[in-house]
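Participant: structure, please.
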Amino acid sequence: MANSKIISELKSKVIKDVINNDEIVKAIDCPSMDKENWEPIYLINSKETVDMGFTPVIFREHQNQNIITDAITFITMEVNIPQTDKYGIYAYPVLEIWIVSHNKHNRIDNILGVKDNRNDYISILLDEMFNGKKAGYGDITLKSNTAGVYDDNFVYRRLVFEGIDINDSLCK
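Facilitator: This is a model prediction of the structure:
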């Protein structure tokens, strides 16, 4: 009666939705966007992205910002299952989306009329996209949206969504 498959499935669904949203892609302002042959798929950290010479900015796991030296904004995603019901039938996955911006990249200069900083603006777009919507298995609901400082170079905004997953092995 495993529920852990939702971890990969939810991350994949959310990442697909993010890279297909032109407004979010523009707000991230990836440094590779101006390179020849660039496409939104190259936002995702993969061997292909790196081999093509693009800078990945969407990660399926948390990153140590101390190893990122560019003045960029990047997004990390984690899915945890902190609880199931007492029968193991329902799992309550928690999706964390971290928006991390270098201090020199947190002001939005590439979108006219946006007064918010980059992390706040992207969080608004993600909230509008996912809060109360189906993302893979059932609805997800925004539980918190908090900001903080990593270190002298990076600030972050952390969105936490909670969902529900019905164990798929019940029908087998």
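
Participant: break down this structure into its helices, ranges please.
Facilitator: Secondary structure of the chain (DSSP state H): helices at 5-19, 22-28, 47-51, 118-130.

Participant: highest mean neighbour count out of these?
Facilitator: With neighbours taken as mean count of other Cβ atoms under 10 Å, these reach their highest mean count in helix 118-130, at a mean of 20. For glycine as for every other residue, the C-beta is placed from the backbone atoms N, C-alpha and C.

Participant: rewinding a little: output the helices of the chain in JSON lines, with distance to Asp109 and mean pLDDT appended to each entry.
Facilitator: Formatted as JSON lines, these follow (distance: least, Cβ to Cβ, whole Å; pLDDT from 0 to 100):
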{"stretch": "helix 5-19", "distance to Asp109": "21", "mean pLDDT": "91"}
{"stretch": "helix 22-28", "distance to Asp109": "11", "mean pLDDT": "97"}
{"stretch": "helix 47-51", "distance to Asp109": "24", "mean pLDDT": "95"}
{"stretch": "helix 118-130", "distance to Asp109": "9", "mean pLDDT": "96"}
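
Participant: now the protein, which segments are flagged as low pLDDT?
Facilitator: Within the chain, the segments meeting pLDDT under 70 span 1-2, 134-138, 166-172.

Participant: let's see that with 80 instead.
Facilitator: Under the criterion pLDDT under 80, the flagged ranges of the chain are 1-3, 65-66, 84-85, 87-91, 133-138, 164-172.
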